[in-house]
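In: Turn this into a structure:
(chains A and B)
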Amino acid sequence: MDPARIGDIKTMSELNRYQNPEIFEKLAMAYAAGTLHGRARQRFEKLKSKLVYLEETTNAYESQFSNLVELLPSEKPSDQVWKNIESSIQTKDIESRSNKSSWLSWLTPAYSALAATAMAVMLAILLVVSPDTGSPVAYAAVFEDSQSNPVAITRITSDLAVSVDVVKGITLKEGEVLKLWCHPKNGGKPMEMGEIASSGKSKLTISSEEWENLQSIGKLVISSHAYGSAQPSTRSTLLQSNLSRITEE
Amino acid sequence: MEDPFAELLIRCSKQDQIAFKQLYQQASPKLYSLALRLMQKPELAEDVLQESFIKIWQKADTYNVQKGKALTWMATVTRNKALDKLRSLKLKSKEMDIQYEGLDFASTDLEPDHQEDLSQEMQRLRECLKQLQPAQRECILLSYYYGHTHQELSEKLNKPLGTVKAWIRRGLETLKPCLS
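Out: The predicted model follows:
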């Protein structure tokens, strides 16, 4: 049986022929050894995805032929490959966890990978996020895009430090900058907290009075501005997030 | 556990990123070497390696230690990724600068020290491969390591296409009882 004939399977009777071990084992071997090519290989892949015994037989032969990798000389890939892999799995992990839409989901190890500094501080003591009670030791906000993917994480700690990690770069027009704003719960004039970078980490500081006032803040906003302008009328809101209080239990 | 890669892979299935880094450090040199031979270009081979390890991380929970060694499972993932990429790029080896070729590393006359490093499974496979005629063995190994088609092998070995097909067919027929 020429393996290329697999491309001609059209009828049930022909399909039944591939239940013959003599035939499907040859195909599975050829596939695993890499001697099945082109359209025949693609059609075999479709067929084995439908027939469990074919998939199992192929896997068994693949496992045997893959021992050949032991004979290869070792070659070192560039360090950038691991960096890309590490970055990718952390991003995917964050995405999958954010899809669970738990309001505590940002306090997971996946987030800690990207926000290691803040997590080290906050997980050193037992913390809870509470919208109403207790004395806050920190505040946090996770900005998400329209697909609920995290774009930036903001933490404000009692040492008056504001940290903004933009984990998914924000595209700006030429001459524009990003600014972080806080909006009072009961309306009123937004307050500018400072300028932030469009990617990576930014650090800002606030005064003791501003720290106390955070209890009245409902949400944070990241907006773009023409460089040098702080007029609310010229700003364009890009992202917003509720501000969560973090209290010591 | 006899297979150190399997232990790491099982830890990966529990989202252990430290184990994943160790797995990458230990397994990537062989898998990159495989990708280099199939892709022929370091930048493409690195893309394949990257995509393969992301899949290994995502699918670690599907690995079954009863079905084979972890390295062979990862090699299958890498090889299939490389073949998919070659297919999507519509690359033909004759259109690329060949940087990696030959089968010196798979010679049947390995140094004794090298032989001791091989797993029992690989030693058994080598014994099976030794039963083949040299031309049959060469065609099958060139297909596995470099992804050569029958036509490419025919041109590379300067033999008629029908002869190459017959070598491969008979080679696999000879291997079958040995591997089964």
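In: Run through the strands of chain A in chain order.
Out: Listed in chain order, the strands of chain A (DSSP state E) span A:127-129, A:136-144, A:150-157, A:161-166, A:176-184, A:191-196, A:200-205, A:217-226, A:236-242, A:244-248.
In: Name every strand pairing with the longest one and say which way it goes.
Out: To tie it back to what came earlier, the one meant is strand A:217-226. Partners of strand A:217-226 in the sheet, by DSSP bridges, are strand A:176-184 (antiparallel), strand A:236-242 (antiparallel).
In: The fourth one too?
Out: Neighbouring strands of strand A:161-166 in its sheet, by DSSP bridges, are strand A:150-157 (antiparallel), strand A:200-205 (antiparallel).
In: Show me what secondary structure element comes after the lowest-mean-pLDDT helix or strand in chain B.
Out: In chain B, no helix or strand scores lower on mean pLDDT, DSSP states H and E than helix B:112-117, which sits at a mean of 65. Where DSSP states H and E defines the elements, the next helix or strand beyond helix B:112-117 is helix B:120-130.
In: I'd like the next helix or strand past that following helix.
Out: Next along from helix B:120-130, by DSSP H and E: helix B:134-146.
In: which parts of the helix or strand just after that following helix are buried?
Out: Using DSSP H and E, the helix or strand that follows helix B:134-146 in sequence is helix B:150-157. The neighbour-count criterion (16 or more other CB atoms under 10 Å in any protein chain shown) identifies B:150, B:152-154, B:156-157 as the buried residues of helix B:150-157. Quick note: C-beta positions are derived from backbone N, CA and C, even for glycine.
In: on that earlier part again, can you tell me which of the strands of chain A is most buried?
Out: strand A:150-157 (a mean of 23; mean count of other CB atoms under 10 Å in any protein chain shown).
In: how big is the angle separating that strand from strand A:191-196?
Out: Between strand A:150-157 and strand A:191-196, the angle comes out at 120 degrees (axes from the mean of the first three to the mean of the last three CA atoms, to 10 degrees).
In: quick one: average pLDDT of strand A:150-157?
Out: The pLDDT scores in strand A:150-157 average 85.
In: Just the angle for it relative to strand A:136-144, thanks.
Out: Going by the same axes, to 10 degrees, strand A:150-157 makes 170 degrees with strand A:136-144.
In: For residue B:126, which of the strands of chain A is the nearest?
Out: strand A:150-157 (50.1 Å; CB to CB).
In: How about the lengthiest helix in chain B and chain A, touching?
Out: Assignment by DSSP state H gives helix B:17-39 as the longest helix of chain B. Yes: Helix B:17-39 lies within reach of chain A by CB under 8 Å from any CB of the partner chain, at B:17, B:20-21, B:24, B:28-34, B:36-37.
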